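S.K.: Prediction below, plus the sequence it came from.
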Amino acid sequence: MSGRVIVITSGKGGVGKTTTSANIGTALAKAGQKVVLIDTDIGLRNLDLLLGLENRIVYTIVDVVEERCKLKQALVKDKKNPNLCLLAAAQTRDKSAVNQEQLKAICDELKEDNDFILVDCPAGIEQGFQNAVAGATEAIVVTTPEMSAVRDADRIIGLLEAKEEIESYRLLLNRVRPNLIKSNDMMSVEDVVDILSCSLIGIIPEDTGVITSTNKGEPIVNDEKSLAGQAYSNVAKRVMGEEVDFLNLEEPKGWAAKVKKFFAGLFGKE
Amino acid sequence: MREIITELYKKLAGFFQTPEKENLKEVACNRLKLVLMQDRTNLTPQLLERMRGEMIDLLSKYVEMDKEALELNFAQEGDSMALMLSIPVVRAKDEEEIQALIKEEEERKAKAEAEKAQEEEEETKENKDEDSEEEPKEEISEEEEKDSEEEVEEGCACLIEGPCECQANENPEKEEQAWVAPKKNKKHKPQ
């Protein structure tokens, strides 16, 4: 078996790389794929928290690199899904604890008996980014419809294009707010795609459920009712090569909806 | 009670009419496009303005144009980037005028070259004449400075009469005005 190595990157911090990694990983595993998530954000690890695995970590990626344990020993199995494993980052070291060759070697080894290796990249374009990208052949660029995030995504796309190993990259637009787009207060999905001229792999709506699910240590894809969860599971399907339409994020139209909204506003329920 | 009524009235009014407001999305898109163009090409606003000035100098030899309205933009189509220049032509120049300007420029060039050659000759002469090191060197460096200053002036000396645009553009405010507010849909075509 030769799995696919996908790096999830963004340039800017706080746009949802780790949330995206956790959710796509979980969704792929739910679909029966064997998945390993690698957290390369050494010193600022968070992927374990989002998956609720923080208490189970014994060895980290640095232990693997420094040969204190075998790669398989360091993989932490997910609570619910045995198809999903996490290779956690060390919290007490920094990005220089691992180099590009070492990460590439880890990815190559994991490729042999997994379908997908998702690499959660740290923010920035320095060594952490270079490390994370080293073993990957595909990339998902996460951005939000904000100027700073789009600008950083453009920079990242430029860097990815310069890398021969990266065969394809696609854009994931996170934290989209249909209401603001409708009132022309936020750049639309089309605007961002047009500006970055990059193909889309997903549109994720802003969802308070993401915060609450993080608190529980359970990715939002497990909540099938939530819009963000559905959007993430669609992304996973597109990663697997299925063609899925993008979700309609617009609020219900028509006078009934408007009246409802009006009364909601009147009684302060907004 | 009155407050409640006015509040209710406001809500009702807001319900039936959408207030006109700034299109913030457009603002964001335009600012972003500009900044990305600079990021991608490594051209700062200063360099772009310089480029614009030089283009105006070059093109006004052949056509009379509206210098203020000349637009220089980058457009992206797929993976490739294009430099878009739109020039509002005010009037086509007579052949005589063009020839005269070209002749003038050539004369100026020839003159400058001759001067340069002369100066070089003098320099070599001075070097040969005086073996003492310090004094003549200073003189030469002074002359060289003058030369370079002259060259800079030549670089932006417009062939047009009136105030030189390139110098006027040293004013950063003006630059910004010229670059922040390019009218998007107003494309000028040569008449």
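M.R.: Sure, I can see it.

S.K.: which stretches of chain A form helices?
M.R.: A:17-30, A:47-51, A:61-65, A:71-74, A:100-111, A:127-134, A:147-161, A:178-182, A:189-196, A:209-216, A:227-239, A:255-266 (DSSP state H).

S.K.: In the fifth one, which residues are buried?
M.R.: Looking back up the chat, that one is helix A:100-111. When burial is assessed from 16 or more other C-beta atoms under 10 Å in any protein chain shown, helix A:100-111 yields the following buried residues: A:102-107, A:109-111. From N, CA and C alone the C-beta is placed, and that goes for glycine too.

S.K.: And the fourth one, by the same measure?
M.R.: Judged by neighbour count using 16+ other C-beta under 10 Å, the buried positions of helix A:71-74 are A:71, A:74.

S.K.: would you put the C-alpha positions of that helix in PDB?
M.R.: Output of helix A:71-74 as PDB, limited to C-alpha atoms (Å, rounded to 0.1, in the frame of the first residue of the first chain):
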ATOM      1  CA  LEU A  71       7.500   4.900  15.000                       C
ATOM      2  CA  LYS A  72       4.600   2.500  15.700                       C
ATOM      3  CA  GLN A  73       5.000   2.900  19.400                       C
ATOM      4  CA  ALA A  74       4.500   6.700  19.100                       C
END
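
S.K.: who touches that helix?
M.R.: If you take C-beta atoms under 8 Å, 6 or more residues apart in numbering or on different chains as the criterion, helix A:71-74 is touched by A:58-61, A:63-64, A:87-88, A:106, A:109-110.

S.K.: Next, the contact list for the closest residue to residue A:153 other than its chain neighbours, please.
M.R.: Counting by C-beta to C-beta, 6 or more residues apart in numbering or on different chains, the nearest residue to residue A:153 once its immediate chain neighbours are dropped is residue A:143, at 3.9 Å. By C-beta under 8 Å, 6+ apart, residue A:143 lies in contact with A:10, A:12, A:15, A:149-150, A:152-153, A:171-174, A:192, A:196.

S.K.: Show me what residue A:143 is bridged to.
M.R.: Counting by DSSP bridges, residue A:143 is bridged to residue A:173.

S.K.: rewinding a little: report the two of the contacts of helix A:71-74 separated the most.
M.R.: A:58 and A:109 (18.8 Å; C-beta to C-beta).

S.K.: who in the stretch 1-150 of chain A is up against chain B?
M.R.: Within the stretch 1-150 of chain A, the positions near chain B by C-beta under 8 Å from any C-beta of the partner chain are A:147, A:150.

S.K.: The closest residue to chain B within the stretch 1-150 of chain A: how many residues sit nearby?
M.R.: Closest approach between the stretch 1-150 of chain A and chain B, counting by C-beta to the nearest C-beta: residue A:147, at 5.1 Å. Using other C-beta atoms under 10 Å in any protein chain shown, the number of residues around residue A:147 comes to 17.

S.K.: and if you look at residue B:99?
M.R.: Number of residues near residue B:99 (other C-beta under 10 Å) recorded here: 11.

S.K.: which SSE is it in?
M.R.: Assigning secondary structure by DSSP states H and E places residue B:99 in helix B:95-129.
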